[in-house]
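Chemist: sequence first, predicted coordinates after that:
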Amino acid sequence: MMSVSGMCGEKTRRPPVKVLSSQLREGRGCAAESGKTEYSIKRLGGLGKPSSLLVSVVWMQGTVVEVQPDQNTVLLLDETGNFTVSGVNNIPKGKPCLSPGKYVMVMGVIQSHSPEPVLRAVKMADLTDKAAIHRRMWKYEVEDLQQTLP
């Protein structure tokens, strides 16, 4: 098995990967050659693919639990736990998403993974109108994407 440090040799930033908060919480950080931190997470499904996947930019979905505008953060909850999103006041069209109970998607750069994942937001979108279907399908979308990645 290749060591985590041996897998972090990428020079370019990887595209966003759909993940669950528990995957980040259980992941391990490693420094890429570029000096940026990447995270090795356990791939969902594991159908003959390597069990780990390297991520630095992620796509997550969850319900807004708490908004802290003075700290420029929002606390979200997915089916596996809480995660924090920072920089939310700087996201174009992000403000309508910032109220408790909204179901949102966030794309962001991982800032920390433990004890609770923290992302720096790049994009946010309100998915509340069709939250029931988005919630039900999210884990399947995450697993499907992770199984198609090399």
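Modeler: Cool, got the structure. Numbers count the residues shown, from 1 in each chain.
Chemist: buried ones in the helix-or-strand element of the chain with minimal mean pLDDT?
Modeler: For the chain, using mean pLDDT, DSSP states H and E, the weakest element among its helices and strands is strand 28-31, scoring a mean of 86. Judged by neighbour count (16 or more other C-beta atoms under 10 Å), strand 28-31 contains these buried residues: 29-30. Every C-beta, even on glycine, is put in place using the N, C-alpha and C of the backbone.
Chemist: kindly report the same for stretch 133-142.
Modeler: Using 16+ other C-beta under 10 Å as the test for burial, stretch 133-142 gives 134-135, 138-139, 142.
Chemist: from those, which is closest to residue 14?
Modeler: Nearest to residue 14 among the buried residues of stretch 133-142: residue 142, at 15.6 Å, using C-beta to C-beta.
Chemist: show me the contacts for the closest residue to the closest one other than its chain neighbours.
Modeler: Spatially, and ignoring its direct neighbours in sequence, residue 142 is nearest to residue 18 (4.4 Å; C-beta to C-beta, 6 or more residues apart in numbering). By C-beta atoms under 8 Å, 6 or more residues apart in numbering, the contact list for residue 18 reads 58-60, 138, 141-142, 145-146.
Chemist: what of residue 91?
Modeler: With contact set as C-beta under 8 Å, 6+ apart, residue 91 has these partners: 121-124.
Chemist: end to end, how far does stretch 41-54 reach?
Modeler: 6 Å (C-alpha to C-alpha, to the nearest Å).
Chemist: check which helix or strand the residue nearest to residue 44 when sequence neighbours are not counted maps to.
Modeler: Closest residue to residue 44 apart from its sequence neighbours, by C-beta to C-beta, 6+ apart: residue 143 at 4.1 Å. In this assignment (DSSP states H and E), residue 143 forms part of helix 131-148.
Chemist: what do you get for residue 101?
Modeler: Judged by DSSP H and E, residue 101 forms part of no helix or strand.
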